[in-house]
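S.K.: coords please:
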Amino acid sequence: MHVILVTHSCVYTVSFYHLDHDYNSSMKQLDITSQAKSKRSDKSWYILSAGLIISVTVIFILDLQFFASTNFIRNTLNGKMLEVLSAADNFTNKFIDTMKHKLIIIDSDIPDSGSEQHVSDHFSNSNHGNCTWPPLNLQGRTPLNRTDIAIEKLDQKYTFMADGHYKPKNCTAYQKIAIVVPYRDRQLQLRIFLNNVIPRIHRQQLEFGIYIVEQTAGSLFNRGMLSNIGFVQAMKDMAYDCVVIHDLDILPEDDRNFYICGDNPIHMATKVEKFKYRVPYHSFAGGISTFSKKQYEDINGFPNQFFGWGGEDDELFARIKRSNYKMTRPFDAHGHCGSVQHSGQRTGNDRMKMLQISRKIWKQDGLTDLEYNLVEKRRKQLYVWVYADINMAKVREKLKKLNSPSRK
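M.R.: Below you'll find the predicted structure:
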């Protein structure tokens with residue numbers, strides 16, 4: 001910019017000079033006297049000097065303005081950059097504080113000890129080869145992938161899975177997670193479930209196994225009892241630190257909603273799409289809930305008596321309170337869950353009656369009296385298929401004994 005201004009100024013100055021020179025030549029042709037020519041020559045030098053002075057002055061003024069402008073831009077950009085860096089630091093610190101205060105990590109190096117440690121003890125890269133926590137490759141909230149992909153294609157897509165299990169290769173996961181999914185006749189929803197849950201929990205660098213617990217035909221669907229069966233079958237496979245009871249049709253959208261256990265049971269499905277991304281009522285415990293092994297045993301698991309849709313989640317919430325735990329929602333800000341459409345299950349006709357009875361028999365109805373027939377247990381690439389038969393008549397016969405007047 002300066003070069004252009006200097007060039008223009010010089011051109012103007014030289015132009016003045018040449019105009020005057022041409023004038024002098026003309027005067028020669030008219031035979032002007034030497035005295036007049038001398039006066040005209042002096043005048044041309046005055047014009048040349050004035051032009052140079054004006055050029056230098058203009059350049060000096062413009063240079064001052066340019067310097068002021070660049071300083072203003074530099075200061076503005078620096079200020080904006082500081083704001084961005086400050087916001088990033090605040091976000092990181094807030095995230096770390098949330099994890100430190102609201103979660104614990106069960107020490108996987110001490111098998112069956114039952115001891116628990118606060119997450120702040122592990123909240124960094126460990127010298128013992130533990131996976132980085134929090135994970136570094138999270139993507140945040142992303143829409144569900146609702147594309148129906150054949151199970152064979154999913155096998156090819158998630159080759160890191162084997163026998164329904166995944167374990168990080170280069171580090172030790174902080175927790176081993178068993179995901180238990182009560183299931184019946186929803187093949188499309190199962191494929192969408194696998195294609196959304198597997199990549200999100202994989203990015204969390206957790207060791208995990210997926211258990212699809214299917215009920216045979218004949219009796220009304222019993223979600224609570226299938227959850228208990230899945231818990232028992234998973235713990236037979238390995239000493240999982242944490243069990244996640246997971247509906248097939250409610251799927252996390254955000255990988256910052258961690259599949260992990262804390263010092264109290266955790267409710268993950270806090271903003272569900274079909275409930276307009278909010279909790280329908282305070283004691284809602286449905287969708288996705290996590291329990292440490294000890295917590296699930298302390299509450300005696302789910303009730304076995306709820307056949308048909310509804311009621312078992314409300315009893316689960318009551319069992320948590322009766323066992324002196326709290327249902328916590330530490331990842332509420334990231335608890336967005338999409339809903340996958342499906343045909344509804346038949347509602348249990350006696351669920352309100354069962355809620356009243358469960359208050360009295362909850363310590364005897366659950367894991368402690370679980371009976372079922374294991375038809376088949378097959379390890380597929382992406383999940384372990386547990387096929388179980390539940391005899392509703394036999395379960396209800398137990399109820400009569402538990403609720404008989406002689407036991408009151």
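S.K.: how does the protein divide into domains?
M.R.: Listed by automatic domain parsing, the domain ranges of the chain are 2-85, 109-407.
S.K.: mind listing the strands for the stretch 201-350 of the chain?
M.R.: Applying DSSP state E, counting those that start in this stretch to the stretch 201-350 of the chain gives strands spanning 207-215, 242-246, 250-252, 266-267, 271-272, 288-292, 336-339.
S.K.: hey, which helix or strand in the chain has the poorest pLDDT?
M.R.: strand 117-118 (a mean of 36; mean pLDDT, DSSP states H and E).
S.K.: Give the buried residues for the following helix or strand past it.
M.R.: As assigned by DSSP states H and E, the chain's next helix or strand after strand 117-118 is helix 151-157. For helix 151-157, a neighbour-count test (16 or more other Cβ atoms under 10 Å) marks residue 154 as buried. C-beta coordinates here come from the backbone N, C-alpha and C atoms, glycine included.
S.K.: Helix 151-157 - contacts with which helices or strands?
M.R.: In terms of contacts (3 or more Cβ pairs under 8 Å, 6 or more residues apart in numbering; DSSP states H and E), helix 151-157 is packed against helix 187-203.
S.K.: Could I get the average pLDDT for the helix it packs on?
M.R.: For helix 187-203, mean pLDDT rounds to 97.
S.K.: Give me the buried positions along it.
M.R.: 189-198, 200-202.
S.K.: export these to TSV and tack on distance to residue 143?
M.R.: Below are those laid out as TSV (distance: Cβ to Cβ, whole Å):
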residue	distance to residue 143
189	17
190	19
191	17
192	12
193	15
194	17
195	13
196	10
197	14
198	16
200	12
201	17
202	18
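S.K.: pLDDT averaged over stretch 252-263 - what is it?
M.R.: Averaged over stretch 252-263, pLDDT sits at 97.
S.K.: Any idea how far apart the tips of it sit?
M.R.: Chord length of stretch 252-263, first to last residue, is 22 Å (Cα to Cα, to the nearest Å).
S.K.: ok, now stretch 141-157?
M.R.: 21 Å.
S.K.: Run a quick check on residue 381 versus residue 162, I expect a contact.
M.R.: Yes. Taking contacts as Cβ atoms under 8 Å, residue 381 lies within contact range of residue 162: 6.4 Å.
S.K.: neighbour count winner among these two?
M.R.: Neighbour count, other Cβ atoms under 10 Å: between residue 381 and residue 162, residue 381 has more, with 16 against 13.
S.K.: what's the spacing between the residue lying closest to the more buried one once chain neighbours are set aside and residue 194?
M.R.: What sits nearest to residue 381 in space, not counting adjacent residues and going by Cβ to Cβ, 6 or more residues apart in numbering, is residue 155, at 4.8 Å. Separation of residue 155 from residue 194 (Cβ to Cβ, to the nearest Å): 10 Å.
S.K.: so who does residue 272 touch?
M.R.: Neighbour list for residue 272: 250, 278-280, 287, 337, 339 [criterion: Cβ atoms under 8 Å, 6 or more residues apart in numbering].
S.K.: Quick one: neighbours of the residue lying closest to it once chain neighbours are set aside, just the number.
M.R.: Of all residues not flanking residue 272 in the chain, residue 337 sits nearest, at 4.9 Å (Cβ to Cβ, 6+ apart). Neighbourhood size, residue 337 [other Cβ under 10 Å]: 24.
S.K.: For residue 337, which residues count as its bridge partners?
M.R.: On the basis of DSSP bridges, residue 337 is bridged to residue 252, residue 272.
S.K.: before we move on, what about residue 130?
M.R.: In this entry, residue 130 is beta-bridged to residue 172, by DSSP bridges.
S.K.: quick one on the thing from earlier: which of the contacts of residue 272 count as buried?
M.R.: In the contacts of residue 272, the ones that pass as buried (16+ other Cβ under 10 Å) are 250, 279, 287, 337, 339.
S.K.: what's the closest of the residues you listed to residue 400?
M.R.: Within these, proximity to residue 400 (Cβ to Cβ) peaks at residue 287, which comes in at 32.2 Å.
S.K.: Which residues are in contact with the closest one?
M.R.: Residue 287 touches 247, 250, 267-269, 272, 337, counting by Cβ under 8 Å, 6+ apart.
S.K.: same thing but at 7 Å, please
M.R.: By Cβ atoms under 7 Å, 6 or more residues apart in numbering, the residues touching residue 287 are 247, 250, 269, 272, 337.
S.K.: Could you measure from the fourth one over to residue 332?
M.R.: If I follow you right, that is residue 272. In terms of Cβ to Cβ, residue 272 sits 12 Å off from residue 332.
S.K.: same question, the second one
M.R.: Computed with Cβ to Cβ, the distance linking residue 250 and residue 332 is 15 Å.
S.K.: and what of the first one?
M.R.: With distances defined as Cβ to Cβ, the gap from residue 247 to residue 332 amounts to 18 Å.
S.K.: Of those two, which one has the most company?
M.R.: residue 247 (22 against 15).
S.K.: hmm, back to that, for residue 166, state which of the buried residues of helix 187-203 is nearest.
M.R.: residue 202 (6.5 Å).
S.K.: For that closest one, which residues are in contact?
M.R.: When contacts are counted by Cβ under 7 Å, 6+ apart, residue 202 touches residue 166.
S.K.: how close does it get to residue 159?
M.R.: According to Cβ to Cβ, residue 202 and residue 159 sit 12 Å apart.
S.K.: can you check residue 170 too?
M.R.: From residue 170 to residue 159 the distance is 16 Å (Cβ to Cβ).
S.K.: swap in residue 317?
M.R.: Taking Cβ to Cβ, one finds residue 317 at 39 Å from residue 159.
S.K.: Of these two, which one has the most company?
M.R.: The residue with more neighbours, out of residue 317 and residue 159, is residue 317; 20 against 8, by other Cβ under 10 Å.
S.K.: Pull the contacting residues for that one.
M.R.: When contacts are counted by Cβ under 7 Å, 6+ apart, residue 317 touches 283, 285, 327.
S.K.: repeat that with 8 Å
M.R.: 283-285, 327.
S.K.: Now render these as a markdown table, adding distance to residue 213, pLDDT and neighbour count.
M.R.: As requested, the contacts of residue 317 are exported to a markdown table (distance: Cβ to Cβ, whole Å; pLDDT from 0 to 100; neighbours: other Cβ atoms under 10 Å):
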| residue | distance to residue 213 | pLDDT | neighbour count |
| --- | --- | --- | --- |
| 283 | 25 | 91 | 14 |
| 284 | 22 | 92 | 18 |
| 285 | 18 | 93 | 21 |
| 327 | 22 | 96 | 17 |
